[in-house]
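A.B. asks: I would like to see how this sequence folds:
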Amino acid sequence: MKAQCIIGLASLICVLSACGARSHIVATNPALSLAPTCADAVPVFADNQHVPYDYYEVALITAEGNSVYVGNGDLLKSIRNQAARVGANGIVVDALGATHATVKVVGAALGSNDAERKGRAIAIWMPSDTARVREACGGKSQ
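C.D. replies: All right, here's what the predicted structure looks like:
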């Protein structure tokens, strides 16, 4: 009985660790040093033509996770959190999606890492948008 509980707990930990989105940041403008913001102050723009202000690129952020457990919203949340951490006040989505082969989704459901959902965005800093950021964060940072 005790061994079954330990195996069950280990399985639960493995499943929970597979559920989250993993993200990676590559600074594109290392000379730009910004204070962290909060995820609430990081709007998502579909492309650079929808950005309302002039901006600087801060970082390229990628996120991925098992598509059985991670949706596009989870990826965007992870990307927004990472963008806030580096001081960005917006992201421009470059790519967002998942592999669509049914076989891969079934494989992921059975425990393999074949079906990945991936997202990529450019974290940006808009100097003219600092008042909105201050209001959105209410004095809190990530």
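A.B. asks: how many neighbours does residue 79 have?
C.D. replies: By other CB atoms under 10 Å, the residues close to residue 79 number 28. C-beta coordinates here come from the backbone N, C-alpha and C atoms, glycine included.
A.B. asks: in a helix, it, correct?
C.D. replies: Yes. When classified by DSSP: H, G, I helix; E, B strand; the rest coil, residue 79 is found to be part of a helix.
A.B. asks: my guess is it contacts residue 121, does it?
C.D. replies: Yes. Using CB atoms under 8 Å, residue 79 is in contact with residue 121, at 5.0 Å.
A.B. asks: in three-state terms, label residue 93 for me.
C.D. replies: Recorded secondary structure, residue 93: strand (three-state DSSP).
A.B. asks: that one bridge partners, please.
C.D. replies: In this entry, residue 93 is beta-bridged to residue 121, by DSSP bridges.
A.B. asks: before we move on, back to that, so what sits against both of residue 79 and residue 121?
C.D. replies: Common contacts of residue 79 and residue 121 (CB atoms under 8 Å, 6 or more residues apart in numbering): 61, 91.
A.B. asks: so for residue 14, what's the pLDDT?
C.D. replies: Per-residue pLDDT puts residue 14 at 38.
A.B. asks: likewise for residue 116?
C.D. replies: 79.
A.B. asks: separation between it and residue 85?
C.D. replies: Distance, residue 116 to residue 85, using CB to CB, to the nearest Å: 23 Å.
A.B. asks: more neighbours, those two?
C.D. replies: When residue 116 and residue 85 are compared for neighbours, residue 85 comes out ahead with 20 against 15, by other CB under 10 Å.
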